[in-house]
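Enquirer: from the sequence below, what's the structure:
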Amino acid sequence: MKTVACAIILGLFFVGTSFAADKGNVTKVVKINPKEIKLDRDYDGKIDRTEFYDANGVIVRTETDVDGNGVIDEIVYYKAGSPVKGEKDVDNDGNMETTLFYDADGVLFKTELDKNKDGKSDETVYYEKGKPVKAEKDLNTDGKLDTWVTY
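Expert: Predicted coordinates for the structure are as follows:
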């Protein structure tokens, strides 16, 4: 019983640190955080997502091949473990045309699409609770909005 009580006290004293007993000796187990994790999410034998972590094991970026063509077409950047901004290649040309914006809770609130690749947004979609609610578009790419959509 004294051993159990001692272990409980040690457990409370060393919160976050693990120990293992080996023939009466106490050995500290060190937590090792990943720097990078590669995933095959569709089980086809090819890596389609890579996650990058900081020294504390908190995610800082993901790179994903969304359509399975072997090319990264979405990058998401994280702060304190929550997404803050992303980039997406929607037409498979190797350029990121869409920018994704996330709120403080990591929920998507806006996307901007530069369809003609002139550096200006041709379409902005606004989201509430992660769902689209309205869009503003410049369909003729003259730099002026000409279409408004409410969802």
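Enquirer: only alpha carbons, please: show stretch 129-148 as CSV.
Expert: Extracted in CSV, the C-alpha atoms of stretch 129-148 (Å, rounded to 0.1, in the frame of the first residue of the first chain):
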residue,chain,number,x,y,z
LYS,A,129,-19.8,28.5,-38.7
GLY,A,130,-17.8,27.0,-41.6
LYS,A,131,-20.7,27.2,-44.1
PRO,A,132,-20.9,29.7,-47.1
VAL,A,133,-23.3,32.5,-46.6
LYS,A,134,-22.5,35.0,-49.4
ALA,A,135,-20.1,35.5,-52.3
GLU,A,136,-18.8,38.6,-54.2
LYS,A,137,-17.5,38.1,-57.7
ASP,A,138,-15.7,39.9,-60.5
LEU,A,139,-16.7,37.6,-63.4
ASN,A,140,-15.2,39.7,-66.2
THR,A,141,-12.0,40.3,-64.2
ASP,A,142,-12.0,44.1,-64.7
GLY,A,143,-11.3,44.7,-61.0
LYS,A,144,-14.9,45.6,-60.1
LEU,A,145,-17.5,43.4,-58.4
ASP,A,146,-20.4,42.5,-60.7
THR,A,147,-22.1,39.5,-59.0
TRP,A,148,-23.3,39.0,-55.5
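Enquirer: give me the contacts around that stretch.
Expert: 107-108, 115-116, 118, 120-127, 149-151 (Cβ atoms under 8 Å, 6 or more residues apart in numbering). (Each C-beta comes from the backbone N, C-alpha and C, glycine too.)
Enquirer: mark which of those residues are buried, thanks.
Expert: 108, 115, 121-125, 127 (16 or more other Cβ atoms under 10 Å).
Enquirer: okay if I get those residues as TSV plus distance to residue 82?
Expert: Formatted as TSV, the buried ones among the contacts of stretch 129-148 follow (distance: Cβ to Cβ, whole Å):
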residue	distance to residue 82
108	12
115	28
121	24
122	28
123	25
124	22
125	20
127	16
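Enquirer: next step: those restricted to strands.
Expert: 108, 123-125, 127 (DSSP state E).
Enquirer: and which of those is nearest residue 64?
Expert: residue 108 (14.9 Å; Cβ to Cβ).
Enquirer: which residues does that closest one contact?
Expert: 100-102, 127, 130 are the contacts of residue 108 under Cβ under 8 Å, 6+ apart.
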